[in-house]
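need a structure here:
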Amino acid sequence: METARAPLSPEAPMRLEHVNLTVADLERSIGFYRALLGLRVRWQGTTAGGTPAAHVGDDAMYLALFEGRGTAPAWDYSAVGYNHMGFVVDDLDAARARLEALGAPIHAVDPYEPGRRLYFTDPDGLEVELVEYPAD
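Got it, this is the predicted structure:
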């Protein structure tokens, strides 16, 4: 599937294209992120090594999901490593309702200058942030 790509500009010479996550159950994670964020499956198949994988996103970015084993590392903001990824949402209250319907544990809701944010864990225990900025 060919995706549209916005041109880079001198002011923004790069952008994040994807985040690569290893998940315990590929189909569960595909369903979770599609239901929460309204993303689509851009690609699904297996890697050259035979690992089930999928790209879930939109035309500008995606989550590269690979099925694996083990558990998520403990969050330790004082140590080097992954802490969380964040997504901008138009309506934090609607996103929270979707999270609650999905059974995702929400563990922090904070005011955030200049907006609002919340943190939750996905089905594999990875921390994710959702942030809403005021409309202009």
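
what's next to the lowest-mean-pLDDT helix or strand in the chain, contact-wise?
Sorting the helices and strands of the chain by mean pLDDT, DSSP states H and E puts strand 106-112 at the bottom, at a mean of 88. Strand 106-112 has contacts (CB atoms under 8 Å, 6 or more residues apart in numbering) with Arg96, Leu99, Glu100, Arg116, Arg117, Leu118, Tyr119, Phe120, Thr121, Val131. Just so you know, the C-beta spots here come from the backbone N, C-alpha and C atoms, and that holds for glycine as well.

hey, C-alpha coordinates of it in CSV?
Provided in CSV are the C-alpha atoms of strand 106-112 (Å, rounded to 0.1, in the frame of the first residue of the first chain):
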residue,chain,number,x,y,z
ILE,A,106,-5.3,5.1,33.8
HIS,A,107,-2.7,6.0,36.4
ALA,A,108,-2.3,9.8,36.1
VAL,A,109,-4.4,12.7,34.9
ASP,A,110,-2.7,16.1,35.0
PRO,A,111,-3.2,19.6,33.9
TYR,A,112,-0.5,20.4,31.4
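
in the protein, which spans are helices?
If DSSP state H is used as the criterion, the helices of the chain fall at 26-37, 92-102.

Report the angle between the shortest one and helix 26-37.
What that stands for is helix 92-102. 150 degrees (axes from the mean of the first three to the mean of the last three CA atoms, to 10 degrees).
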